[in-house]
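# Sequence first, predicted model second:
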Amino acid sequence: MTAALASKPLALSLGDQLAQDFTFAVSEAFGKTFDVPVKAGRYVIGEGSVSLTGDVYGVVGFIQEKLEGTLTACFNITVMNKILPRLLGDGIEITQDVAMDAVGEITNMIFGQIKTALNQRGHHLRFGMPSVILGGGHFISQMHEGRYMLMHFELEGSVFQIHVALHGSMK
């Protein structure tokens with residue numbers, strides 16, 4: 001095999017393998033940090049823009065040779081209220097600042113795991129720095145012309161989402 005063939009990145013594909021990678025990463029982040037199981041629900045694949053709802057979002061961009069995208073973790077404050085006392089103690093008030101810090105850390109854990117898994121398989125993805133967006137009940141619109149995958153997870157009766165938006169050459 002030539003060096004040129006060995007260094008060519010694998011195309012990122014939306015579907016079962018990526019959903020499995022996210023299920024593992026989310027389960028690891030919540031299991032190890034908060035000792036709480038999460039249940040992966042259905043995922044959908046679509047095209048174009050989609051509006052995401054929640055209270056706190058962790059967003060990170062990534063690029064590949066001819067591909068760019070964003071990964072977004074969408075949480076309602078009820079999820080934060082369920083898990084943060086397990087880590088911080090029952091007497092700690094879950095403020096917006098505390099929720100933002102937690103979502104930033106959860107985002108780092110989940111997307112760090114994804115980056116490792118995908119790059120070990122030869123995808124050669126580069127990730128940006130995560131951002132956290134706060135705002136109860138507002139929408140984030142992913143305005144792009146590419147495809148997306150939206151995954152749903154359940155944590156003790158509350159639902160949160162992971163959204164992957166791709167633009168460029170992909171499957």
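Great, that's in hand. As the structure is a computational prediction, the values presented were derived from the model and not from experiment.

# buried set for whichever helix in the chain runs longest?
In the chain, taking DSSP state H as the definition, the longest helix is helix 96-120. Using 16 or more other CB atoms under 10 Å as the burial criterion, the residues of helix 96-120 that qualify are 99-100, 102-103, 105-107, 109-111, 113-115, 117-118. Every residue, glycine included, has its C-beta placed from N, CA and C.

# quick one: average pLDDT of it?
Per-residue pLDDT values across helix 96-120 average out to 90.

# ok, residues contacting it?
Residues external to helix 96-120 that are found in contact with it (CB atoms under 8 Å, 6 or more residues apart in numbering): 12, 21-22, 24-26, 28-30, 33, 55-60, 62, 71, 73, 75, 77, 80, 83-84, 87-88, 92, 125, 127, 130, 132, 134, 162.

# For stretch 32-48, give me every contacting residue.
Applying CB under 8 Å, 6+ apart, the set of residues contacting stretch 32-48 from outside is 14-15, 19, 22-23, 26-27, 30-31, 82-84, 86-87, 105-106, 109, 144-156, 159.

# quick one on the thing from earlier: narrow the contacts of helix 96-120 to just the buried residues.
When the contacts of helix 96-120 are checked for burial by 16+ other CB under 10 Å, the buried set is 12, 21-22, 25-26, 29-30, 55-60, 62, 71, 73, 75, 77, 80, 83-84, 125, 127, 130, 132, 162.

# Can you tell me which of those residues end up in strands?
55-60, 62, 71, 73, 75, 127, 132, 162 (DSSP state E).

# Format those residues as TSV; extra columns: pLDDT and distance to Y43.
Written out in TSV, the entries for these read as follows (pLDDT from 0 to 100; distance: CB to CB, whole Å):
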residue	pLDDT	distance to Y43
D55	88	22
V56	90	21
Y57	90	18
G58	92	18
V59	91	18
V60	91	19
F62	89	18
L71	90	14
A73	93	14
F75	91	17
F127	88	21
V132	91	23
I162	94	9
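
# Closest to G168 out of those?
Taking CB to CB as the measure, G168 sits nearest to F62 out of these, at 11.1 Å.

# L134 is in what secondary structure piece?
strand 131-142 (DSSP states H and E).

# and the following helix or strand past that strand, what's its mean pLDDT?
Tracing the chain past strand 131-142, the next element assigned as helix or strand by DSSP H and E is strand 147-155. The pLDDT scores in strand 147-155 average 93.
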